[in-house]
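Peer 1: pasting the sequence and the predicted coordinates here, then a few questions.
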2 protein chains.
Amino acid sequence: MTDSKRRNTWQKDAVRHALGEAKGFVGAQQLHLVLRNHGSTIGLATVYRALADLAVNGDADSLQSQDGEVLYRACTTSHHHHLICRECGLTIEIEANRVETWADDVAKEHGFANPSHTIDIFGTCTACQS
Amino acid sequence: MTDSKRRNTWQKDAVRHALGEAKGFVGAQQLHLVLRNHGSTIGLATVYRALADLAVNGDADSLQSQDGEVLYRACTTSHHHHLICRECGLTIEIEANRVETWADDVAKEHGFANPSHTIDIFGTCTACQS
DNA sequence: AATGCTATTGACATTCATTATCAATAAGAC
DNA sequence: GTCTTATTGATAATGAATGTCAATAGCATT
């Protein structure tokens, strides 16, 4: 837990920064391409590792696209969910306290421990409906 | 839609039946193994195709496990969600009318069309807590 | 500023789920 | 039975993600 042995590298900063620049959710491969196109020499495996780190530390959200790829997004702060455009990837953060407690209640009702949940809403945003 | 050209094969029936026998969610590979262990000579690709068909026709639910595999489950009838044990895969169907409408409302609020959603709750069931 | 320790990197190989290919098979109509 | 063609299945191909490991570079210490 104590990251006394964690080292800061320009690679991690680059991934963090690139993820912040991205609009919606992006995959590791895609992010790697963007970085290379900007002149970076970062390796693909490093991008995967950096993104996994960010997700573990709560600095990034992750979800799986419908074709199985894991997508990441820079995370603001607290626990929340997403409304995502199927076409352009535009993402809106959703507060869902009502649903949070509902999910935990359902789990508790059935005797399930350590409940977690996946709640995402997909649709076509106004811009993409033309 | 008109399946005038769809043919009925024992392979499709076998997959449908095996999926019905399974307790929780199962992957295509796993289902294929079960079928082979029961003496079937069905091919892996056929299992994938049959499962995809079932999902499209609304006869099976599908979701992605946390390691990227797509899992299927025989579907009873109407729209519903799942409470799933992380250990043993035990699955309980959840009625979530409150959440259904909430999800649609959120989408509409932001001008998103054709809303759909992913709502799954994970936990450790009572049996697996020992 | 130089040294030592080791976390981290990156090119590459590997794993694994899923899909594409395509000749052979068999379902259903006549 | 015959014909048409949807379907099958062995295999190759794709692609995301992870493992490997020598080389690199952070960072504390001297």
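Peer 2: Okay, I see it.

Peer 1: please make it C-alpha for all contacts and neighbour counts, starting now.
Peer 2: OK.

Peer 1: is it correct that residue A:93 is in contact with residue A:83?
Peer 2: Yes - with contact defined as CA atoms under 8 Å, residue A:93 counts as touching residue A:83 (6.4 Å).

Peer 1: the more surrounded of the two?
Peer 2: Counted by other CA atoms under 10 Å in any protein chain shown, residue A:93 and residue A:83 do not tie: residue A:83 has more neighbours, with 26 against 14.

Peer 1: then that one would be within a strand, right?
Peer 2: Yes - under DSSP: H, G, I helix; E, B strand; the rest coil, residue A:83 falls within a strand.

Peer 1: pLDDT of the strand ranked longest in chain A, averaged?
Peer 2: Using DSSP state E, we find that the single longest strand of chain A is strand A:113-124. For strand A:113-124, the mean pLDDT works out to 88.

Peer 1: for stretch A:84-101, same thing?
Peer 2: For stretch A:84-101, the mean per-residue pLDDT is 85.

Peer 1: and that stretch, C-alpha only, in PDB?
Peer 2: What follows is stretch A:84-101, C-alpha atoms only, in PDB (Å, rounded to 0.1, in the frame of the first residue of the first chain):
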ATOM      1  CA  ILE A  84     -22.200   6.900 -22.900                       C
ATOM      2  CA  CYS A  85     -22.900   7.700 -26.600                       C
ATOM      3  CA  ARG A  86     -22.700   4.600 -28.700                       C
ATOM      4  CA  GLU A  87     -21.500   6.500 -31.700                       C
ATOM      5  CA  CYS A  88     -19.000   9.100 -30.600                       C
ATOM      6  CA  GLY A  89     -18.100   7.900 -27.100                       C
ATOM      7  CA  LEU A  90     -19.200  11.100 -25.500                       C
ATOM      8  CA  THR A  91     -19.400  10.400 -21.800                       C
ATOM      9  CA  ILE A  92     -21.500  12.100 -19.100                       C
ATOM     10  CA  GLU A  93     -20.900  11.300 -15.400                       C
ATOM     11  CA  ILE A  94     -24.000  10.300 -13.500                       C
ATOM     12  CA  GLU A  95     -24.700  10.700  -9.800                       C
ATOM     13  CA  ALA A  96     -26.800   7.700  -8.800                       C
ATOM     14  CA  ASN A  97     -27.100   7.600  -5.000                       C
ATOM     15  CA  ARG A  98     -30.500   6.100  -5.200                       C
ATOM     16  CA  VAL A  99     -29.200   3.300  -7.300                       C
ATOM     17  CA  GLU A 100     -26.100   2.800  -5.200                       C
ATOM     18  CA  THR A 101     -28.100   2.000  -2.100                       C
END
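
Peer 1: pairing partners for the longest strand of chain A, with directions?
Peer 2: When pairing is defined by DSSP bridges, strand A:113-124 lines up against strand A:81-85 (parallel), strand B:113-124 (antiparallel).

Peer 1: right, and these - which one's nearest residue A:55?
Peer 2: Ranking the strands paired with strand A:113-124 by proximity to residue A:55 (CA to CA) places strand A:81-85 first, at 14.5 Å.

Peer 1: just how off-centre is that closest one within its chain?
Peer 2: 11 Å (CA atoms, centre = their mean, to the nearest Å).
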